[in-house]
Structures are given as structure tokens and as C-alpha cells.
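Novice: For reference, the sequence and a predicted model appear below.
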Amino acid sequence: GIVQGKIAAIGRIPDGAKEVIDAEGHVVSPGFVDGHTHMDAQVFWDPLGTCSCWHGITSVVMGNCGFSLAPCSEENKLMVIRNLERAEDISPEAMQAGIKWSWTTYPEYLDAVERLPKGINYAAYIGHSALRTYVMGERAFTDEATSDDLDAMKSEVRSAIQAGAAGFTTSRTRNHQTPDGQPVASRLATWQEVRDLVGVLGELNAGVFEIAGEDTGLNPERIKDYCDRLKALAVDTGVPVTFGMFSAPKAPDYWRPFFDLADETADAGGRMFIQVHSRAISVLQSFETVTSFDNLPVWRDIRKLSLAEQEAALRNPEMRQKLVESANNPLQDGSRAVGAEARAANFKWMFPIMDKAIPPYQSMAEIAAERDQDPVETYIDLALEKGLKRFFMQPLTNTHEPSTLEMMQHPRSVITFSDSGAHVSQIM
């Protein structure tokens, strides 16, 4: 039952009502809160908050993974854009055109967001990368912080929290790089710097700490070292800690020590919550965006052409043969896909988006076998059938449904992590 716009009763309600809505066959719930987005830039040009608002989400939290637009003056905004561009796949041209920069400090940024027309609610963290570039300038991308730098950063965090920031975030993962392949600014921080900045939240007894975690790999010693430090930080500062976690095809049980960590942290008096997803996450590729072959010989020249010119080239038998040969004999150029970027083609683990909306899907390898074709030819043909507008999926995480369900049901997990506002052309 709703009274004056607020939920007043849940369950079977015997009392009468002024208005009854027939919701048979629908889910009735409050608006969802999405705790992990990167709407920081999009909020300035999209008052509706799409596509979050299309899924019942009425509140989002932005500024995750150390990426916020403040503190930063307009004259230095390219440093903030550099942090966001590759790591979150947010177009620098869109940010330049869509954001009217009217702030320097974090409180001024919150005021700017408050003035915007908005269809949903927004909460925002202060991000470590923006904080470092604001205090250190270009040194943020190369140096450890000095004691003066750290004092200045702590002062900015304190000001941001007091003004209403939801907390402080950072990234320590190699998946977050600048366009030239260098670490984003937060990755240059020592662990002690992270502890000192989170300590400000503890002193104020306010805010949450979110982290895009370290690259431990499958090394048990590195996993234990990182978990021990994260637990100590949560217990010593008293600040709630949150981070994302998924299962991976190559390491289906990698997530388990981190869920044990959340329980152990709670037993020790700390608070830790793990952000999980309710479905698999896949890299998307297409000729309109990126493909697995863009950096290969022959392909790289074709991919610079307009879509119509690419279609003509793909229909040319001689050129098509060259493309197939190049794709089947890739030369390593030293580059590495990071984050949600397209991976090298594994046709057993690549799925075209066809007319069927619900899995299981046929893999590219299976379709190629049915057609008695080289999978690269099948890739080209399927793209041509849709005027080069067909998407192909490369599953990254949560492909093992029992593990995904187990993570969702864990008492210290929160189902969130849409990454809305980022990776628009990269993930689904």
C-alpha cells in the first residue's frame, strides 16, 4: 500500500484504497539502487539516466573505481578525461561536447550535479585518480605522493565527504589504463596512501570505500597478502569496504577466497560487501564498433574505411581471401586487450546475436561447421547478412550459472554492478 508517495504496507492488505492497480503478472517493488555505475559524465547530457531507468532503477551511485570528474579545474580536465577514456570506454569527444565544466572542487561538482534536470537520483564518490591529478598534476601518472601531496589529498577527501560524497574509491587493477597504455593515476599510489585516505572516512565516521582490486592472479600467496591488507583496512578504519567479484571460465573458483574474506572481516568487527552480477557479462563486437581482427594486417586498412566501403571489400572474393588468411595467421603486435576490450577470436567461445533472445546460443564454431566454412568466413557472412550491424558476444565472466547463483545468495553480496554510463560499445 502507498500513502503520500511512500510504501506504507506490504503483503495482503485488507483495507480499501482510493485506487487499485491490477499488477497481475508483474513484479511490484520499490525502485532499485544500482551501486556501481559510471554515470559521472552522462548525467550532464542525459537527464533521464538511460538505460538505468529502463530497468526499474531509480537511484545510482557513480564515481566508482577511482574515476570521478572532480576535483578538477576546467583547464586541467584533459587529465581526468585521460583516466576515463580507455578504462571506462567513454568517448573524449562526447565528454568535451557534453559536459559544461563549472567546478573545481568536489563540493562545487556536487552543486553542479544538483542543478541538473534528472530523472533518477544520484549519489557520487570522490575518485582517487581525479584526486591525485588535482593535487599532483602530471606527476600523478608517474610518482608516489609526497607527504605534502598526501596532506593535500586528505584535506580534499575530508571536504568532499563533508559536502555529501558517498565515499572514496580507487583502482589498482591493470585493466584500468590510459589510451597510451600507462596506468591510470590511482595505480601509482602505495597501499599506505590508500590506507591514509580511507582513514579520513574513518575519522569522520562517514562514507564507503570501493576498490577495483589488485591483480593477484591465481597465486595463493598474493591472494592472501591482498586479502590480509584489505581486511586490516576495514577493521582498523571501521569503514565499510566494497568491491566487485565474478567467476571466470579459466578460474571458476577464484571468487571463493574473497567471499571467505568478507565473512572473516565481519567476524573481526569490520564491514565488507561484495558487488555481484546476476548474469554473464560478455564483450560485444561488431563492424560498427570493434572486432577481434582490427589490428591484423589487411584488416587494419579495411577497418579504417567507411561501413559501406568495408561491406564492398568484404564482398570482394580476392580481398575476402586475404582477410581470412590474415585472421588465421595473426601476428602478435605486443598489444593486450584490457578490461572489456575485444579479445582474440576463439570461435568455440564466440556467439552471434541471432533472433533467439534466450540462451543457449550456437557458437561461431558450430555454425561454421554446419555451413562447412572457415569460421572467419562465417563471421564475415553473418555480419554481411545484417549490413555489418550484427553483434557478436565473447563471454568474459559468470558463465557458470551455479557459481553465479551461489555468489548472489551469499549474505554479504549485493546484486548490482551494471557499469551503466561506461563500456557502451563494449559489454552486454
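Specialist: Alright, I've got the coordinates.

Novice: which stretches of the stretch 301-428 of the chain aren't confidently modelled?
Specialist: Segments of the stretch 301-428 of the chain classed as low confidence (criterion: pLDDT under 70) are 331-337, 340, 357, 425-426, 428.

Novice: show me where it has strands.
Specialist: Counting by DSSP state E, counting those that start in this stretch, the stretch 301-428 of the chain has strands at residues 351-352, 392-397, 413-415.

Novice: From the contact counts, what lies against the second one?
Specialist: In this structure, strand 392-397 makes packing contacts with strand 281-285, strand 351-352, judged by 3 or more C-beta pairs under 8 Å, 6 or more residues apart in numbering; DSSP states H and E. C-beta: built from backbone N, CA, C; applies to glycine.

Novice: okay, how far is it across stretch 108-121, tip to tip?
Specialist: Taking C-alpha to C-alpha, to the nearest Å, stretch 108-121 runs 18 Å from one end to the other.

Novice: Stretch 13-27 too?
Specialist: Terminal residues of stretch 13-27 are spaced 17 Å apart (C-alpha to C-alpha).

Novice: Which one of the helices and strands packed on strand 392-397 lies nearest to residue 11?
Specialist: Closest to residue 11 of these is strand 281-285 (C-beta to C-beta; 35.1 Å).

Novice: This structure: helices as residue ranges?
Specialist: In the chain, the segments counted as helices under DSSP state H are 77-85, 92-98, 106-115, 128-136, 147-163, 191-204, 220-237, 256-267, 299-302, 307-314, 317-328, 364-371, 375-385, 401-409.

Novice: quick one on the thing from earlier: can the helices and strands packed on strand 392-397 go into a markdown table with extra columns for mean neighbour count?
Specialist: As requested, the helices and strands packed on strand 392-397 are exported to a markdown table (neighbours: other C-beta atoms under 10 Å):
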| stretch | mean neighbour count |
| --- | --- |
| strand 281-285 | 22 |
| strand 351-352 | 21 |
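
Novice: any chance of the strands of the stretch 301-428 of the chain in JSON lines, plus distance to residue 200?
Specialist: Formatted as JSON lines, the strands of the stretch 301-428 of the chain follow (distance: least, C-beta to C-beta, whole Å):
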{"stretch": "strand 351-352", "distance to residue 200": "46"}
{"stretch": "strand 392-397", "distance to residue 200": "33"}
{"stretch": "strand 413-415", "distance to residue 200": "24"}
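
Novice: To residue 288, which of those lies closest?
Specialist: Ranking the strands of the stretch 301-428 of the chain by distance to residue 288, with C-beta to C-beta as the measure, places strand 392-397 first at 11.5 Å.

Novice: what pairs with the closest one, and is each one parallel or antiparallel?
Specialist: Applying DSSP bridges to the sheet, strand 392-397 is found paired with strand 281-285 (antiparallel), strand 351-352 (antiparallel).

Novice: so where is this structure shaky, pLDDT-wise?
Specialist: Applying pLDDT under 70 to the chain picks out residues 331-337, 340, 357, 425-426, 428.

Novice: how about a cut-off of 50?
Specialist: By pLDDT under 50, the weakly predicted segments of the chain are 334.

Novice: how close does the nearest residue to residue 36 once chain neighbours are set aside get to residue 68?
Specialist: Take residue 36 and drop its neighbours on the chain: the residue closest to it by C-beta to C-beta, 6 or more residues apart in numbering is residue 417, 4.2 Å away. Here residue 417 is placed at a distance of 18 Å from residue 68 (C-beta to C-beta, to the nearest Å).

Novice: Make JSON lines out of the helices and strands packed on strand 392-397 and add distance to residue 197.
Specialist: Shown next, in JSON lines, are the helices and strands packed on strand 392-397 (distance: least, C-beta to C-beta, whole Å):
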{"stretch": "strand 281-285", "distance to residue 197": "29"}
{"stretch": "strand 351-352", "distance to residue 197": "42"}
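
Novice: closest to residue 259 out of the ones you listed?
Specialist: Minimum separation from residue 259 across those (C-beta to C-beta) falls at strand 281-285, 18.4 Å.

Novice: what about the strands in the stretch 1-150 of the chain?
Specialist: In the stretch 1-150 of the chain, the strands defined using DSSP E, counting those that start in this stretch lie at 2-3, 6-7, 32-34, 57-62, 121-124, 126-127.
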